[in-house]
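Student: Sequence plus the predicted model coming up.
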Amino acid sequence: MIRSLLVFLVLLIIIQPTSRLPESFNYRLKLDFRKSVGSRENPIARFEYEYQKLVDPRTLEIPPGMRKLELEFQKHIPERRNLFVNGARIEERAYRLSGPFNVGGRTRAAVLDVRNENVIIAGGVSGGVWKTTNGGNSWIQTNDPNSSSSVTCMTQDVRPGKEDILYFGTGELVGNSPRSLSAPFRGDGVFKSTDGGNTWFQLASTNDSEESRFGSQFQYNWALVANPFRSDVDEVYLASFGGILRSQDGGDTWNAVLGEELFNLPDTVDLNTVNAPCYTNIHQTSNGYYLATLSENNCSGNDKYGAAGIYFSVDGDNWVNITPLQKAAFAERTVIGSSGNVIYFLAQGTNDSQVSILRLTITGVNGNTPTGNWANLSDNVPMLGGQVGDYDSQSSYNMVVSVHPTDPNVVYIGGTNLYRSTDGFTSTSNTKWIGGYSPDNDASRYPNHHPDQHLIIYYPSNHNRMLSFNDGGIRLTQNNQADSVQWSSLNNGFVTSQFYQVSQQPDEASHVVVGGMQDNGVYVKNAPIENSPWTRILGGDGAFSYVSSGRNFYYASIQNSQIYRMTLNGENNLTSYARVDPAGGGEEEGQEYLFINPYVLDPMNNNRMFLAGGNVIWRNNNLVQIPSGKQDATSINWETIDDSELSEGVYTAIVKSTVPGVDRVYAAGWFISENPETYFVRIDQASERFEEQVEFLNTDAFVPGSHISCIALDPEDPDHLIVAITNYHVPSLFESFDGGESFEDISGNLEEEPDGGGDGPSIRWAEIVPTLSGQLVFVGTSVGLFSTTAIDGSNTQWVKESPEVIGRAIVNSLNYRHLDGRLVIGTHGTGVYEVLIDDHKVLERPTTENGFSILNAYPNPMQDLTTVKYQLPANGIVRADILSGTGQLVKTILWGSQYAGENILTWDATNSAGSKVRNGIYFCRILYQNRSEGVRIAVSR
């Protein structure tokens, strides 16, 4: 024993510590994953997540007409710029767009102006209509940015003298039931422009139902065709829910020419109960023939639609069912493409494996019936295996088929990927993977392209020049027939990105902004100007992100709480990574992670993480011990916090106190059912294993089932907090000054009625900002950004911020930095904004007076795991080694950045090969800034 101690003391003296980190390993530095609308267990998880946040927990439905009503309601809330203090108008804050300049969002609709190929008009599902006049070098938004439209289809009247007339349809049907899940995506009918897409107005004939009540087929629209062959009338065809509609007066009136006519109905009608096709389509060939499709599936969930099939018409009046016997059974959505008399149909069945490609070659027309032949090409649907090689429509979410205008054998089909066949899919040997995910089949992206295809447009002057529209915006190729198709992005200010959460560096006045986006992953920016490019650092559906102090690490997550720790170089390129979410997390049946799931880094020690783990809170006291280069969930240092488990429901929000010396976590949970619950939890001594004090606090102030999305903490008072609730028809903002023991409603004029009823917006986020003159509180809502300097319970008066810049955008996330007063604002559909608060208060943080020392190792003796506590006087690089009793290196258990104050690491009694060590005496040596400290550890099993 004495000899072992002497050896250890000698090692502490003669082995010089180092502050140099180990060399980077030769990783394949790509972090790309499939984005998703759900999972195998729940294919519509994203839509459930978005829907359930908004429902009135008393009725489990989104209140009727809510989007229109809340937009009207917010008009009566005063604007800050119109306020006066001491007789002088308040100076408006200088909000500005931060980007992302180079990232677009989901784009289903576009036209290329027939008069000028440099003019493109495109529509985002939540970002509105945008126009470029210079080929995509810059864009301007041309529809009302505050409208509730979700643009899904578009057409131009190309007749001479009529080219200024355009139409777009709205309403995105996702999943199989408009009754609930896709309610937030219902449209407002059809809009029209008569000035080349510079301004738009709603066609009154299509505005015949409340947005949240499914009472009109104009609420979901798939395709528009403006007939170029008739000069006597302004004829427009619309493929809407239930059937094909036609107008012969430019949209003033409509009638159904195929399928069902389901508009101008009594208020009591619910179209979820009718037997009508959910999916329809209309296509006109270059010869003027019409092809249309009606799906078999309907929304009633009962019988199939009896008149489903493929239809042909010469005149748009008389339709013939030409469905071949080879048509896929139970077909849902079908898309159509043609070149001359060769027409292709891409059809999706009721499950993802039921995919059909059919080709009709028309040789003549007998009356109203085409003659010719059908070919069933379904055996040649691209099925390349691997992670992402198979054609996948994601349950009809992304589908396109398009035929080269001058060669009917060159056919493009799109699901998640874009494929090209040069023999019309008559074989599998001439099919090329040219977009979406990468042909490397590792879930990385095809260079300069994006998954989930929706639309293809060819340039009339050069049919090999082609535009591709997908969930990442707009891409251009100069040669669509190249062996290796090259793409370039046209997202140059096409700002339609949808952010879930944003973050920034907390300890330095840098320009760094990180954000997670729907469909687009996680991006980072580190430049002051608006049009600087953002860099993607993680693929998938981007979720939460954090930047650790000193920018030592970036943490980012994607759907279903896959969390990664990353290091970036000066160009924001990835240099190392590790997946850090816990093995086994979120796996309790019925209590899984949220689709966009929250976690938080400890502000006092950014190597510590607390995770909302479905039904329980997880903690990791030292993320740096997780080795780099792995993409699997890990068990290293993860543990659940005793007594934090929810019997029903899941956690929805989590936050850690920023006040020095206060080791406290707040979390909120929610259970939505006929007997809903809302939970609010306070955990003191939250980082101390076995010493946590978990308390479920009284939630009588909240309507049961209220979804708390954000807990905003006062950075100067750990007992002062504000909670934000996303549901409609409930009080949505509450304040506590006693650590959550009691709450007071501070919704004020953001609610129409004291009980939360009426037309008030959904509240998404809150931030408490200390200023030199008091406190300023910001809240992000579904109708913009609001603030107050005087909270007064239910009498609180909120004012609207930035009506011209941010407007009525959905503000999902806020992030404030007290060092320089920068507030970053993340929106769902119009990108990220930022502002500097002039009279911000810089908070002084005390420095630790403790030196470098090891506090203890427990348990000791150990069996399978021991915890070593040590303290540092300042941030720095730490190396921790396990040495044998004879001084040999057994394992390096830590080498990385650690933070001032108390730190914790663990050893699991294994060596560097991962094998269990023998019983005996070992030593943990910690090296820091040319100093060494050690502790003796006994292994005894």
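Tutor: Nice, I can see it. Computed from a predicted structure; not experimentally measured. Residues are numbered from 1 along each chain as shown.
Student: ok, the nearest residue to residue 490 once chain neighbours are set aside - contacts?
Tutor: In space, and not counting its chain neighbours, residue 490 is closest to residue 136: 3.2 Å by Cβ to Cβ, 6 or more residues apart in numbering. The C-beta positions use only the backbone N, C-alpha and C, and glycine is treated the same way. Residues in contact with residue 136 (Cβ atoms under 8 Å, 6 or more residues apart in numbering) are 120, 474, 476, 490, 492, 494.
Student: Out of these, list just those in helices.
Tutor: Within the contacts of residue 136, no residue falls in helices by DSSP state H.
Student: Just the buried ones from the residues you listed, in PyMOL syntax?
Tutor: The PyMOL selection below is limited to those of the contacts of residue 136 classed as buried (16 or more other Cβ atoms under 10 Å):
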select buried, resi 120+474+476+490+492+494
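Student: State which strand of the protein is the longest.
Tutor: strand 355-366 (DSSP state E).
Student: Sheet partners, orientation included, of that one?
Tutor: strand 342-348 (antiparallel), strand 369-376 (antiparallel) (DSSP bridges).
Student: which parts of the last one are buried?
Tutor: What it means is strand 369-376. Neighbour-count burial for strand 369-376 [16+ other Cβ under 10 Å]: 370, 374, 375.
Student: by contact count, what packs against the following helix or strand past it?
Tutor: The helix or strand immediately downstream of strand 369-376 is strand 400-403, counting by DSSP states H and E. Strand 400-403 is packed against strand 334-339, strand 342-348, strand 411-414, strand 453-459, with contacts defined by 3 or more Cβ pairs under 8 Å, 6 or more residues apart in numbering; DSSP states H and E.
Student: Redo those as CSV? Include mean neighbour count and mean pLDDT.
Tutor: Formatted as CSV, these follow (neighbours: other Cβ atoms under 10 Å; pLDDT from 0 to 100):
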stretch, mean neighbour count, mean pLDDT
strand 334-339, 24, 96
strand 342-348, 25, 96
strand 411-414, 26, 98
strand 453-459, 20, 98
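Student: Which of the contacts of residue 136 lies at the shortest distance from residue 77?
Tutor: Of all these, residue 77 sits closest to residue 494, with 30.2 Å by Cβ to Cβ.
Student: so the closest one touches residue 469, yeah?
Tutor: No - between residue 494 and residue 469 there is no contact under Cβ atoms under 8 Å: 10.7 Å.
Student: what touches both of these two?
Tutor: residue 122.
Student: ok, which stretches of the stretch 801-941 of the chain are strands?
Tutor: Under the criterion DSSP state E, counting those that start in this stretch, the stretch 801-941 of the chain contains strands at 811-817, 822-827, 832-836, 853-858, 866-872, 876-884, 889-898, 901-907, 920-928, 931-939.
Student: Flag the shaky bits of the chain, pLDDT-wise.
Tutor: Residues of the chain meeting the criterion pLDDT under 70: 1-44, 145-149, 174-185, 210-212, 300-302, 326-330, 352.
Student: tell me the domain ranges of it?
Tutor: 2-25+847-939, 45-77+499-836, 108-323, 332-348+372-471 (automatic domain parsing).
Student: Checking my notes, residue 722 in a helix, right?
Tutor: No - using DSSP: H, G, I helix; E, B strand; the rest coil, the assignment for residue 722 is strand, not a helix.
Student: And the residue nearest to the spatial centre of the chain, how close does it get to residue 102?
Tutor: Nearest to the mean C-alpha position of the chain, by Cα atoms, centre = their mean, lies residue 518 at 2.2 Å. According to Cβ to Cβ, to the nearest Å, residue 518 stands 17 Å off from residue 102.
Student: What of residue 889?
Tutor: Counting by Cβ to Cβ, the gap from residue 889 to residue 102 is 47 Å.
Student: Please apply the same query to residue 377.
Tutor: 37 Å.
Student: Please apply the same query to residue 192.
Tutor: Between residue 192 and residue 102 the computed distance is 31 Å (Cβ to Cβ).
Student: do residue 391 as well
Tutor: Per Cβ to Cβ, residue 391 is found 28 Å from residue 102.
Student: same check, this time on residue 579
Tutor: To residue 102, residue 579 is 27 Å away according to Cβ to Cβ.
Student: Looking at those two, which is more packed in?
Tutor: residue 102 (22 against 19; other Cβ atoms under 10 Å).
Student: Tell me where the stretch 1-150 of the chain has helices.
Tutor: Secondary structure of the stretch 1-150 of the chain by DSSP state H, counting those that start in this stretch: the helices cover 2-14, 45-52, 66-73.
Student: Just the element for the closest residue to residue 587 other than its chain neighbours, please.
Tutor: Leaving aside its chain neighbours, residue 587 sits nearest to residue 614 (7.4 Å; criterion: Cβ to Cβ, 6+ apart). Per DSSP H and E, residue 614 falls between elements, in no helix or strand.
Student: my read: residue 614 touches residue 591, true?
Tutor: Yes - counting by Cβ under 8 Å, residue 614 touches residue 591, with 4.7 Å between them.
Student: For the two, list the residues in contact with both.
Tutor: Overlap between the contact sets of residue 614 and residue 591, as judged by Cβ under 8 Å, 6+ apart, is given by residue 650.
Student: and stretch 751-760, how far out from the chain's middle?
Tutor: Centroid separation between stretch 751-760 and its chain, computed with Cα atoms, centre = their mean, to the nearest Å, is 29 Å.
Student: Pull out the buried positions in that stretch.
Tutor: 751, 752, 756, 757, 759, 760.
Student: Tabulate those residues in JSON lines, adding columns for secondary structure and distance to residue 277.
Tutor: Formatted as JSON lines, the buried residues of stretch 751-760 follow (DSSP: H, G, I helix; E, B strand; the rest coil; distance: Cβ to Cβ, whole Å):
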{"residue": "751", "secondary structure": "coil", "distance to residue 277": "40"}
{"residue": "752", "secondary structure": "coil", "distance to residue 277": "38"}
{"residue": "756", "secondary structure": "coil", "distance to residue 277": "38"}
{"residue": "757", "secondary structure": "coil", "distance to residue 277": "37"}
{"residue": "759", "secondary structure": "coil", "distance to residue 277": "34"}
{"residue": "760", "secondary structure": "coil", "distance to residue 277": "37"}
